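>>> no sequence on this one, just coordinates:
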């Protein structure tokens, strides 16, 4: 558990006055000195004095306005005179002493202490590496219950995606809170927490991403600071069905590890530790389609056609393998959309077997075709899910469960495609992913033609 | 007089270990910043304490001694001025370092404000005997018994003295702002004092409940007129606090235990002794435990609450557990498992339920194959009675998860319905979440529109499972070759009709049908055709 990594404190420094402010101060001083010189024509030694002031004052300001923090697993140590009075002279505070960590006006990160005092840190004063450091330290050492929702949202923005500048807006925060409330539920085991290590300290947990039932998902990093996603399945191997689940999990993992497609997240490894199964996946930075739609609204038809063709291409690859792989869990939540690139992330390796064990399903019914409920998932089931996903990004609404989706997007061909994909009877659904690709290609070509004309 | 009620100085009120759970005293940390943020977050308007306001007169009173000093200095009486100036400056400085109190302590003698730092501790006690009136001012627009955002105003009346000129009104803002000597001085000696404590200043939300409870407990009810709002608040708190829910120590920094509760572990202050884990479901662990107070065997259902996504997510998942608890507590039927208690410990929520000797239908079928026809009839009869009770309540309850796992047959043949985790009252069923085991879920429930008839579908599918020994196909009417020649087939087919209009309209109708079947034991054949696949057309027609 405890490794060298854990003992090393985080060192973070914050500037109160930015470089730009420093230059401003210096320029204004030069300007003033010129004015003075023009007005009074001072002697040379006075000029030297002024020059000293021009160089000296910003330098003094620059060094005084910096605050160094050291954060270790015990406490926060503030090395700055600036906070002397705000912390009542006690500049070493233990993590237990924190009452609340909050953001104020999206400009200050504030620590409130139970025994009095506060520590406001200006967010503008951090450079991106330092900002990441301090949030990393918070997620490892601070009690998550003391974090205000906006801090949690910002933490996710920094670690998962989105640019720093729009990370604090109301809509961004709201989006994260919505997706968080959907992804954390009661569990029947105690999930790992930030800072815990696995595989003899090779992997350390940065942040839990989701948990519920008997599985959870974490953002982890290895010693070389490579980010990865770790899925955990906590099935203790006592019963017969549990042992079966464990076998299925392993078989699935080895199967997935063989996949190689630029738009499918790579499965790196799987292992067992403390009676729990783990699946290690590559980390794809960015928001998923659901979050994307939540933030920026539903998409326009050319973009939907592009996404349709990419996802159909992924499905075509999976369905063309031998043995065939049926994804079974294609939803907007499992497609990451960043910089115009779509990546399929979730293979339901955990969730599917969880529902297999308990027979309980939660929430995803909108994207599952009827034959899959009855236990006969085929490649056509993925096509139905594709149709539903397209419906979601076109309209911003989840489709009606077990019903054919007929959106009115204004693009007749797209409406037709979605309707054809979501036919309830698998025999009358579109035959395969190829058809979707062909339709999308011809449509994209036509759009390009229109644009060029 | 000052001895009994006031102690100003280091060490007073010592021996107060914040962690101790002595019921005669509680010690709570407060932090006005937290409260304000919390209020802002939920868009609440703080009580009207800002309107009542501390008048500027009271605030500027702190300046009077300095003015006197100034006058003295101008008149040249330096021999008095200099030592006085030094002394006052020191006191003012000392006191200003901890502007607002860091803790509130309530004990049998009075309410104390404490200023704590890592090196010092000052506390100041206001005795109950001086308390004249307690008023509760709820937040604007909030209900009388809703403590959130409200302010508790304590009015003290002390024996007349030199300083009894006008009443002083102090709230936490004024304590923090004028901070210095005079405010404290007036807090100590003023004859008429109103102290306003906003209820959202407590660092831990659970402390708010504790605080109100303790104030209510230590006040003699006959001594003064109860403010009706305060009485309502105390009443509301009493109702909540018996569950011991939020008294869980939220500040517990990390979880104490990582794994399952070991055998002989004690929970809830040693009340329950774990005897072993019975099962591990999708969401919860189930233990058998011994209740040391009642000397009975009980079943503990344990949910691990998520703490990583902040207080609100934890609260929301807790609310879903509490929903089950409150629902179960409101039910009273021999066929429904009885809830004995519920509590939170170590970030795990527990439901305490009666221990019933028996097995679930699923276990029975797995261990000894399909059930006999008579037994299934008996189960159907009892289950229909239970459903009739649930659906016949003033606000009908839909169980939403009737399946072989959740129906238990006790050793003496009684049927008991378990697991109200996803049950909802019909009115509140506006959420479109779909939860359930899909083999036993009615089509309309898939679409997020569960009604009472959805439970009948679940029951029909469960009976089909009990009688055939294999799980029914999802989204199909349960009729089939095995079922075909059984007398019960008509009932099962009727219960599992895909269209609500064709399904038995309620549990009573189904019961009559069952009576019909059992009375002419020959059974009806009726349905040969397999309806498998036909449901698609049916659904399509429904949607048009």
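The structure has been received and is ready for your questions. It should be emphasised that the depicted structure is a prediction, and the values quoted were computed from it without experimental measurement. Residues are numbered from 1 along each chain as shown, chains lettered A, B, ... in the order given.
>>> okay, now residue A:393: neighbour count?
As a burial measure, residue A:393 scores 21 neighbours (other C-beta atoms under 10 Å in any protein chain shown). Using the backbone N, CA and C atoms, a C-beta is placed for each residue, glycine as well.
>>> measure it to residue A:308 for me?
Note on residue A:393: its distance to residue A:308, by C-beta to C-beta, to the nearest Å, is 9 Å.
>>> residue B:286: helix or strand, and which one exactly?
strand B:285-291 (DSSP states H and E).
>>> quick one: strands adjacent to that strand?
Taking DSSP bridges as the criterion, strand B:285-291 forms sheet pairs with strand B:272-280 (antiparallel), strand B:296-304 (antiparallel).
>>> what residues of stretch A:284-293 count as buried?
Buried residues in stretch A:284-293, counted by 16 or more other C-beta atoms under 10 Å in any protein chain shown: A:284, A:286-293.
>>> let me know the closest of the residues you listed to residue B:29.
residue A:291 (36.8 Å; C-beta to C-beta).
>>> quick one, what contacts that closest one?
Neighbour list for residue A:291: A:175, A:179 [criterion: C-beta atoms under 8 Å, 6 or more residues apart in numbering or on different chains].
>>> could you measure from the closest residue to residue A:406 other than its chain neighbours over to residue A:404?
Sequence neighbours aside, residue A:419 is the residue nearest to residue A:406 in space, at 5.0 Å (criterion: C-beta to C-beta, 6 or more residues apart in numbering or on different chains). Per C-beta to C-beta, residue A:419 is found 6 Å from residue A:404.
>>> mind pulling up the pLDDT for residue 387?
Just going to use chain A. Looking at residue A:387, its pLDDT reads 93.
>>> not what I meant, chain B
pLDDT for residue B:387: 92.
>>> got the phi/psi numbers for it?
phi -60, psi -40 (degrees, to the nearest 10).
>>> contacts only, for it.
Counting by C-beta under 8 Å, 6+ apart, residue B:387 touches B:399, B:452, B:455-456, B:459, B:507.
>>> that older thread, what comes up buried for the strand holding residue B:286?
By 16+ other C-beta under 10 Å, the buried positions in strand B:285-291 come out as B:285-287, B:289-291.
>>> how is the chain partitioned into domains?
Answering for chain A, as no chain was given. Domains of chain A are assigned by automatic domain parsing as A:4-16+A:65-183, A:188-282, A:287-452.
>>> the intended chain is chain B.
Split into domains by automatic domain parsing, chain B comes to B:30-241, B:266-354, B:358-543.
>>> for residue A:150, which of those is the nearest?
Closest approach to residue A:150 among these (C-beta to C-beta): domain B:30-241, 8.4 Å.
>>> against residue B:88, how distant is residue B:63?
Residue B:63 is 12 Å from residue B:88, by C-beta to C-beta.
>>> need the pLDDT of the closest residue to residue A:345 other than its chain neighbours.
Closest residue to residue A:345 apart from its sequence neighbours, by C-beta to C-beta, 6+ apart: residue A:265 at 4.7 Å. Here, the pLDDT recorded for residue A:265 equals 89.
>>> and for the one 5 residues further on?
Confidence at residue A:270, expressed as pLDDT, is 88.
>>> repeat that for residue B:47.
Reported pLDDT for residue B:47: 35.
>>> wait, what's in contact with the residue nearest to residue A:345?
Counting by C-beta under 8 Å, 6+ apart, residue A:265 touches A:229, A:281-282, A:284, A:336, A:343-345.
>>> could you give the number of residues near residue B:264?
For residue B:264, the number of neighbouring residues by other C-beta under 10 Å comes to 10.
>>> so what does it have for phi and psi?
The phi/psi pair for residue B:264 (degrees, to the nearest 10) reads phi 70, psi 10.
>>> that one is in contact with residue B:276, isn't it?
No - between residue B:264 and residue B:276 there is no contact under C-beta atoms under 8 Å: 9.5 Å.
>>> what sits closest to residue A:139 if chain neighbours are left out?
Spatial nearest neighbour of residue A:139, chain neighbours left out: residue A:194 (4.1 Å); criterion: C-beta to C-beta, 6+ apart.
>>> next, count neighbours for residue B:188.
If you count neighbours by other C-beta under 10 Å, residue B:188 ends up with 16.
>>> pLDDT on whichever strand or helix holds it, on average?
Using DSSP H and E, residue B:188 falls within helix B:181-189. Averaged over helix B:181-189, pLDDT sits at 66.
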